[in-house]
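Visitor: Following is a predicted model, sequence given first.
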Amino acid sequence: MYKERCVLCHSENLAGGAGPPLRGEDFVAQWEGKPLRSLYSRILMTMPGNDPGSLTPVEVLALVSYISSENTLAEWKTPFKSADDLTSIVVRKSK
């Protein structure tokens, strides 16, 4: 899914390009203190940039699971079963 719909803007290694990075310090800084559900909602409503809102909730959940696993933040448990799983998970820098 990521390679088909996201790699053009966010690069193969999630480092960013035309779009912001989806891993690393810059990503965490952008989302720190926010529930992971906020990321889910942003992707669901605005991505991909050339066809906003075209991803299904299941696809977005898979993308958030992938992004989470690539960031290896300990408190993020993946894969997520529903968007409700994301509400109580707050993005924080790993220690």
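Guide: Good, I have the coordinates. Numbering: from 1, shown residues only.

Visitor: Now that Y66 has come up, it's in contact with K3, right?
Guide: No - in this structure Y66 lies outside contact range of K3 using C-beta atoms under 8 Å: 10.2 Å. From N, CA and C alone the C-beta is placed, and that goes for glycine too.

Visitor: Could you pull up the contacting residues of the closest residue to P48 other than its chain neighbours?
Guide: With C-beta to C-beta, 6 or more residues apart in numbering as the criterion, P48 has its nearest non-adjacent residue at 5.2 Å, and that residue is R5. R5 makes contact with 47-48, 55, 59, 63, according to C-beta atoms under 8 Å, 6 or more residues apart in numbering.

Visitor: Which one of Y66 and K3 is surrounded by more residues?
Guide: For Y66 versus K3, the count of surrounding residues by other C-beta atoms under 10 Å is larger for Y66: 17 against 8.

Visitor: Check that one and give its pLDDT.
Guide: Model confidence at Y66, given as pLDDT, is 90.

Visitor: What of the one 4 residues further on?
Guide: E70 carries a pLDDT value of 88.
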